[in-house]
Every structure is written in C-alpha cells, then in structure tokens.
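K.L.:
Requesting a structural model of the entry that follows:
(chains A and B)
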Amino acid sequence: MNTILSVEHLSGGYSHQRPVLHDVSFEMKAGELVGLVGLNGAGKSTTIKHILGLLDPFEGEIRVKGRTVKEDKLAYRQKMAYVPEMPELYEQLTLEEHLKLSAMAYHMDRKTYEERSARLLELFHMEKKRHWFPTHFSKGMRQKVMIMCAFLIQPELYIVDEPFVGLDPIGIQSLLDLMEDMKHQGAAILMSTHILSTAEQYCDRFIILHEGKIAIQGTIEAIRQRYGDSKASLHDIYLAVARGRAEWLN
Amino acid sequence: MAELIKLWRRRRADNFRMQLRYWNLIGKNSGLMFVLYAIVIIGGFYYKRWLDGLPKDFPAALMVTAILSVPAVRSPIRTFMRPADRVFLLPVEAELGGYFRMSKLYSFIIQSAFLIFFLLICAPLYAKSSAGTASYWIVAAAVFAVKGWNIDCRWQEQSIDGIVPLKMLRFGLSFLFLYGLIGDLNGVVAAVCAIIMLLSGIFLFHRQAGRSLLKWDRVIEMENRQEMQFLRFANLFTDVPRLRHRVKARRLISAFFPVRAFGEENVYRQLFIKTFLRADDYFGIYMRLTAAGALICFFINNGYYTALVAAAVVYLTGLQLLPLWYHPFPQALAGMYPIAGRFRRKSFLRLILALLAAQSLIMSLAGALGVRSAASFLLFLAAGIGAGSLFTLVYTKQRLEKESRQ
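P.N.:
Okay, here's the model as predicted:
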C-alpha cells in the first residue's frame, strides 16, 4: 500500500532549549485511520502542528506523499485538510461562504462543490443555517462547520484534532461515518482524541504518546499482546502507560 | 450591604477612569475641541439670526416643550452591572436595594447635566414665546422633577412585562405637564398632570413592580447598551479594542458581491470584499470619508484646488483601508489554503484601487456639480485616480512585497 504520511525521527517543539517531541517516527498508509492518544501535554498538538507545517522540525523530517513542506508548500498543503481542536471561523462570513472559499482554495469545480456541500449540510443538519454567521453558532455547530470545510475538499490526508467535544450525537455519528467513507476511498486519517472507547472501536491503529515519545504503536491486538492481557481495553492500557506502569514496554 | 455599595463605588470609579482615558485621547488627537468651539460660535451666530427672523405666530412653546421632554423622559439607568452578575450577584438580590439606589441617583445627576445643556439652548427661544407665563427657573425645576419621576418609573419598569404602554404614558404625562407650564395651556393642566404622575407612580409603576421579579437580563442589557454607546462614540476618534471584530451582516450590499467565479485567484478577493463590507468599521470609514470629501468638493468651489482636496481625501482613505490587509483570518482555514501569497496581495491591491477610484468618481462628480464644469470633472477625476494609483500600485505594493520577503 502506498504511504501518505511519513514522520521520521521527528524532534521538535516551540523552543530548541526545551523540545517537546523526541525522535517520533511513524507512517500512515492510504485507507488507514490512526488514533493519536496521549495525556494533556504529551505532544499530540505539537505533532499535529509539525505535520501541518506550522512548526519547523529540529531534527528529522515529515513527508506527505514523498514531499516535505519546504520542497513545495502549496502541493503539500493541497493534500491535507485540518480540523482543529478549537473551531476557528471567519466571523464575517456566512456558513455557505466558508464552504465556497474552501472549495475555491482547493481547486474544486462548482458542480462538485454543489454536490458535496449539499450532502454535508444535510448530514450535519445545517441546511437551514447556510446564510448564518458564526456569531449565532454554538461550539458544536462551529465544530461542524470546520468538519464540513475539511471533508468538502476530500484530500488524501486528514488531520483531525479532538473532534468530538461539543458535537451532538448525530454530529459524532456523521463524522464517524464520513471518516469510514473517506478511508474506503483511500484517504489516511490521523485523529487525536481522548474519547478512547470510540477510538478503540473505529481506529485501525494507535499511537500512544507519552512525554513527547511514542510509548507504543500498532493495532489494538498487537498492543494488547505486548501488554499481556488479551481482554484489556485501550483505556486500561493507556492508563497504565500514563501512570508509569510501563515495564512491559521494554 | 456595605460591601455592595463599595462594589458600586469601585465600578463607578473604574468606569470614570475608562471614560477619562478615552476623553483624553479624543481631546488630544482628533481636533474635536476645535470643531466644538467652531460649532458653538457659528451655531450661536446662526441661532440668533434665526431667532430674530421668527414670525410672531411661531409655536415656540411647543418646540421648547418638545426639545426638553425628550431628554427628560429618556431615562436609562446606569447600574454598572456585568453579565457575570447574573451568576454572582443573583443570590444577594434582596440586598441590592442600596446598590440600585446609588445607580438611580447617579443616572439622575448625569442626565440632569445634559438637561442643563438643553435648558441653556432653549432659554432664548423660551424668552421669544410670548405665551410663557412661568419664570424659566420654574420650568427648569419642573424639568428636573420630570427627570426624577421618569428615572424612578423607568426603574420600576425593569420588573414589569409589557412596558410599551407604560413608556407611552410616561412620555404623554411628562409632555403635557411641561407644556402646561411652558405653553399656553392653563396652569391647572399642569397641576392635574402632576397629580396623575404622582398617583400613577405609586399605584401603577410601584405596585405592579412590587408584584413581579426584577428582570436581570434587561438590566444588564440596558447597562451594556449605554456602555456601548459611549464606546461607539469614542470609536469615531480612536481605536476601541472592545469594539474590534464586530460583524454586521449587510445583506443588501453583500448581495452585490456573491462568489461569481470559482478559482484560487478569487478566494482572497472574496475574502477581502466581505471583510471590508462586514467586519469592523472599514465600510463605515470609507463611506464617511467619501461623503465628507464629496461635500467639501461640492461646497468649496475654489477652482482647480479642488483637485488637491480630492487627491488628499483619496490618500487619507487609502491609509484608513490599509488595516484591512492585517485583518486576522483563522489559521485553520486561511492559514492552510494552498494559495500563493501573490494572489492575496493582488486581490488586496485591486480592491483598494477599485475603492479609491470609485471614491474619486463620486468626489469629482460632486466637485464638478459645484462649479458646473465638465472639464473640471476630468481634472478632479484624474487627480483622484492618480493619487489612488500612486498610493496603491507604488506605495502599498512595495510595502506588501517588502513584508512578504521578511
């Protein structure tokens, strides 16, 4: 299978004196949904910022379809969509204008835009709010707008940061269904989350970050096997790592 | 109780300091004092001329009553309440009596100061009205009494639902009472009105309010409205951070600028147009400057020098529009768009140039109308568009390119 994202020996963070990430390496292939799991401050958001090309790696490199952001920024960005943890919207644009601008920025034709946006608006029950401004949106609705903007462009790589908080149950289910769909169409999705039960159910693989390093990564079965309990949930394993009971890792 | 009074005093002092800071800025860098001075002198001159030319049957009394009753009846109460008070002060509502009494007294004093201003303006007009029987001092006293009654009733309204008829009643009674004193109505009318006001205050406003609960949302909304009023005024002269990034829908004018063509080169064009129209006050500043420029060009009539005025206004407007470039766009959206920076610069420059050219056109039309010459229209237009092009395509362009290289 072809590799979409490769992170090799990444060390990075906000200041060289205090790097947040230490030698992080992983790969994502087409059609994979990977869960990025870790405590607050473990380095999830920093990893995401490096992948988005918002931070410069201190060491190592990140490639999306074989290219680094330095080599061709526009082509690099063209291949990914990002759903941030805190929704950021244009306060001066309506919902529909958000979608249109995304479509235009990612070179979509009008017909494709009409089809996809109609489907997304219906999926998230926002058809009636097309002409609304973000001021009138709740946190959950703002999150839905971000999700719609990302899934409208159907890139090869999705970076989704803690998407479930504030979403209503229909929103959560629609998002999960969308991610399944995109996966089957060959997209790679990196999702950071604290909702472990959902992650366990939907993700193909997991990366457990702890204090800026990858504590363990792999399928849930592989992780269980190493943990030595074939019935352990992701929750149990994650707590063990977070509480420092990690002798089984060595 | 004493704590709450202390809280009120602290909030009033904070508000006073905040306003003082803005007044300081307004006084220092806006030339407002000069304009006020000019208005007083010129206004006084014309006011006197107008008074001298008044016909005998001019309804001066009616006019004085109208001018005085509006500010006397309008009685918003400054409570200095914050939205968070709904949570933190709600439990001590029963003990807030002193706090609100202070608020009412404060509002009465501040609004009375405005009333003095209106009384001064009306004094010469009152002297003109032959019907005026009462001494102006009595009128002034009556106006303050009306204000006090309105403040008290207005506070009672904060607990009452369906206050529109009450407001109409307040205005009607206040107007009649004042007209009874000022105008040619019988003094008995004034006396009857005064009695009705007293009785309705007790038996209508206070009794109804006593039966219902204080509507906190309304009290906070009233406070917020007044604070915003001042901030919006200050914002005309200086930058008020709290008013930044407010958005108006402006559906009518936005409808003229829909997304026409899909394509990456249009993303920032659309973004800047919509930001210009809806966010902050870019559009308002542009319209005000254009209107002011057009008026000046129309009225000054000093031949070819109007061209210089047009060029200067275009330059000033351009400077006021530059912050649009720095308007923050969300990182998760605009920051991720795979679009080259040159499209962003090009869209911005084109919008600014178009705006300045449109402004030049309007001012040139006004200027040419003023001197009634088609040739000067072309001259003014050339001056305006010339200044606009220099500002946009030379100055701004270089500045943006330099910044993008850094």
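
K.L.:
Pull the helix or strand hosting residue A:115 out as CSV, backbone CA atoms only.
P.N.:
Residue A:115 belongs to helix A:110-123 when assigned by DSSP states H and E. Extracted C-alpha coordinates of helix A:110-123, given in CSV (Å, rounded to 0.1, in the frame of the first residue of the first chain):
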residue,chain,number,x,y,z
ARG,A,110,-18.7,24.4,-9.0
LYS,A,111,-20.6,21.2,-9.8
THR,A,112,-18.6,19.0,-7.4
TYR,A,113,-18.9,21.8,-4.8
GLU,A,114,-22.7,21.8,-5.1
GLU,A,115,-23.0,18.0,-4.8
ARG,A,116,-20.6,17.6,-1.8
SER,A,117,-21.8,20.7,0.1
ALA,A,118,-25.4,19.7,-0.2
ARG,A,119,-24.6,16.2,1.2
LEU,A,120,-22.6,17.6,4.1
LEU,A,121,-25.1,20.2,5.0
GLU,A,122,-27.8,17.5,5.1
LEU,A,123,-25.6,15.1,7.0
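
K.L.:
Now do that helix: everything it contacts.
P.N.:
With contact meaning Cβ atoms under 8 Å, 6 or more residues apart in numbering or on different chains, helix A:110-123 is reached by A:96, A:99-100, A:103, A:108, A:127, A:130, A:148, A:151-152, A:154, A:174, A:177-178, B:262. Glycine gets a C-beta too; all of them are placed from N, C-alpha and C.

K.L.:
Flag every buried residue along that helix.
P.N.:
A:113, A:116-117, A:120-121, A:123 (16 or more other Cβ atoms under 10 Å in any protein chain shown).

K.L.:
from these, which is closest to residue B:114?
P.N.:
residue A:121 (51.0 Å; Cβ to Cβ).

K.L.:
so where's chain B shaky on pLDDT?
P.N.:
Applying pLDDT under 70 to chain B flags the ranges B:29-32, B:130-134, B:184-185, B:244-245, B:302.

K.L.:
what about the residue of chain A found nearest chain B, helix or strand, and which?
P.N.:
Residue of chain A nearest chain B, by Cβ to the nearest Cβ: residue A:88 (3.5 Å). Residue A:88 is part of no helix or strand when elements are defined by DSSP H and E.

K.L.:
surely it meets residue B:331?
P.N.:
Yes - taking contacts as Cβ atoms under 8 Å, residue A:88 lies within contact range of residue B:331: 6.3 Å.

K.L.:
okay, these two: which has more neighbours?
P.N.:
residue A:88 (19 against 13; other Cβ atoms under 10 Å in any protein chain shown).

K.L.:
which residues touch that one?
P.N.:
Counting by Cβ under 8 Å, 6+ apart, residue A:88 makes contact with A:146, B:330-333.

K.L.:
repeat that with 10 Å
P.N.:
Contacts for residue A:88 (Cβ atoms under 10 Å, 6 or more residues apart in numbering or on different chains) come out as A:134, A:142, A:145-146, B:328-335.

K.L.:
Are any of these buried, and if so which?
P.N.:
Judged by 16+ other Cβ under 10 Å, buried ones among these: A:134, A:142, A:145-146, B:329-330, B:332-334.

K.L.:
from those, which single one is nearest residue A:48?
P.N.:
residue B:332 (10.9 Å).

K.L.:
hang on, the closest one is in a strand, isn't it?
P.N.:
No - per DSSP: H, G, I helix; E, B strand; the rest coil, residue B:332 lies outside any strand segment and is coil.

K.L.:
Quickly note the distance from it to residue A:13.
P.N.:
Applying Cβ to Cβ, to the nearest Å, the value for residue B:332 to residue A:13 is 20 Å.

K.L.:
what does residue B:176 give?
P.N.:
75 Å.

K.L.:
do the same with residue B:48
P.N.:
Separation of residue B:48 from residue A:13 (Cβ to Cβ): 74 Å.

K.L.:
Equivalent analysis for residue B:262, please.
P.N.:
The gap separating residue B:262 from residue A:13 is 39 Å, by Cβ to Cβ.

K.L.:
rewinding a little: compare residue B:48 and residue A:13 and say which is more crowded by neighbours.
P.N.:
The residue with more neighbours, out of residue B:48 and residue A:13, is residue A:13; 19 against 11, by other Cβ under 10 Å.

K.L.:
Identify the residue spatially nearest to the residue in the stretch 251-400 of chain B positioned nearest to chain A, adjacent ones excluded.
P.N.:
The stretch 251-400 of chain B approaches chain A most closely through residue B:330 (3.5 Å), counting by Cβ to the nearest Cβ. Excluding its sequence neighbours, the residue lying closest to residue B:330 (Cβ to Cβ, 6 or more residues apart in numbering or on different chains) is residue A:88, at 3.5 Å.

K.L.:
hang on, the earlier thing: out of the contacts of residue A:88, which is nearest to residue B:309?
P.N.:
Set against residue B:309, the nearest of these by Cβ to Cβ is residue B:328 (34.3 Å).

K.L.:
Correct me if wrong: that closest one contacts residue A:89.
P.N.:
No - at 12.0 Å, residue B:328 and residue A:89 do not qualify as touching, with contact defined as Cβ atoms under 10 Å.

K.L.:
mind listing what the residue of the stretch 251-400 of chain B closest to chain A touches?
P.N.:
A:84, A:86-91, A:93, A:98, A:134, A:146, B:336.

K.L.:
Give me the distance between it and residue A:87.
P.N.:
Applying Cβ to Cβ, the value for residue B:330 to residue A:87 is 9 Å.

K.L.:
shared neighbours, the two?
P.N.:
With Cβ under 10 Å, 6+ apart as the test, residue B:330 and residue A:87 both reach A:134, A:146.

K.L.:
Would you mind naming the residues that bridge with the residue nearest the centre of chain A?
P.N.:
The centroid of chain A falls nearest to residue A:160 when counting by Cα atoms, centre = their mean (2.3 Å). Residue A:160 forms beta bridges with residue A:83, residue A:191, as assigned by DSSP bridges.

K.L.:
what pLDDT does it get?
P.N.:
The score at residue A:160 is 95. That number is its pLDDT.

K.L.:
Now do the contacts for the closest residue to residue B:175 other than its chain neighbours.
P.N.:
With sequence-adjacent residues excluded and distances taken as Cβ to Cβ, 6+ apart, residue B:175 is closest to residue B:69, at 4.7 Å. Neighbour list for residue B:69: B:118, B:143, B:146, B:150, B:171-172, B:174-179, B:182 [criterion: Cβ under 10 Å, 6+ apart].

K.L.:
for the helix or strand bottoming out on mean pLDDT in chain A, packing partners?
P.N.:
Counting by mean pLDDT, DSSP states H and E, chain A has its least confident helix or strand at helix A:234-242, which shows a mean of 89. For helix A:234-242, the packing partners by 3 or more Cβ pairs under 10 Å, 6 or more residues apart in numbering or on different chains; DSSP states H and E come out as strand A:33-38, helix A:196-202, strand A:205-210, strand A:213-218, helix A:220-227.

K.L.:
Could I get the ones you listed in a markdown table, plus columns for distance to residue B:137 and mean pLDDT?
P.N.:
Converted to a markdown table, the helices and strands packed on helix A:234-242 look like this (distance: least, Cβ to Cβ, whole Å; pLDDT from 0 to 100):
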| stretch | distance to residue B:137 | mean pLDDT |
| --- | --- | --- |
| strand A:33-38 | 78 | 94 |
| helix A:196-202 | 78 | 92 |
| strand A:205-210 | 80 | 94 |
| strand A:213-218 | 85 | 92 |
| helix A:220-227 | 89 | 91 |
